[in-house]
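[1] using only what follows, build the 3D model:
(one chain, ligands or ions: 1)
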Amino acid sequence: MKSYRKELWFNTPTRVAFINITPQVEEAVRESGVKEGLVLVNAMHITASVFINDDESGLHQDFKDWLEKLAPHEPVSQYRHNVGEDNADAHLKRQIMGREVVVAITDGRLDLGPWEQIFYGEFDGRRRKRVLVKVIGE
Ligand code: ZN
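    Next up, the predicted model:
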């Protein structure tokens, strides 16, 4: 069995951002040489997510609005976590949107549904953070 590990780094200019990382994951799968297997893609931070959904800007704004209703950033004093920091909402948003995805690799390619794309979800950006890509198979 082959295995391959790669880190993807991000430093978003905004606090909240969604980035389509499907091309970088495809590249990692190519680099791995794996034709049949699985790829795990996970945020390595507890205030960021990796999720699969549609690459549609209206939907992305809907996610942001919905998450802001569920866990408003302000006032930061409403959260017990925010003693010396201000990112409690980002922890909660990450939990809803998920830590990781696993995608099948078939014939050397990501075996995604027709509209499925892989996203990095940032909820406390403006600093360097990373995603782990782990490919296993043969
Ligand atoms: Zn925190």
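[2] tell me the contacts of residue 14?
    Residue 14 makes contacts with 122, 125-126, as judged by C-beta atoms under 8 Å, 6 or more residues apart in numbering. Any C-beta I mention is one placed from the backbone N, CA and C, and that applies to glycine too.
[3] of the residues you listed, closest to residue 134?
    The shortest approach to residue 134 among the contacts of residue 14 belongs to residue 122, at 20.5 Å (C-beta to C-beta).
[4] that closest one against residue 130, yeah?
    No - under the criterion of C-beta atoms under 8 Å, residue 122 is not in contact with residue 130, lying 11.4 Å apart.
[5] for those two, work out which one has more neighbours and name it.
    Neighbours per residue, other C-beta atoms under 10 Å: of residue 122 and residue 130, the larger number sits with residue 122, 26 against 15.
[6] ok, the more buried one to the ion distance?
    Using C-beta to the ion, to the nearest Å, residue 122 is found at 14 Å from the ion.
[7] likewise residue 42?
    Taken as C-beta to the ion, the span from residue 42 to the ion is 18 Å.
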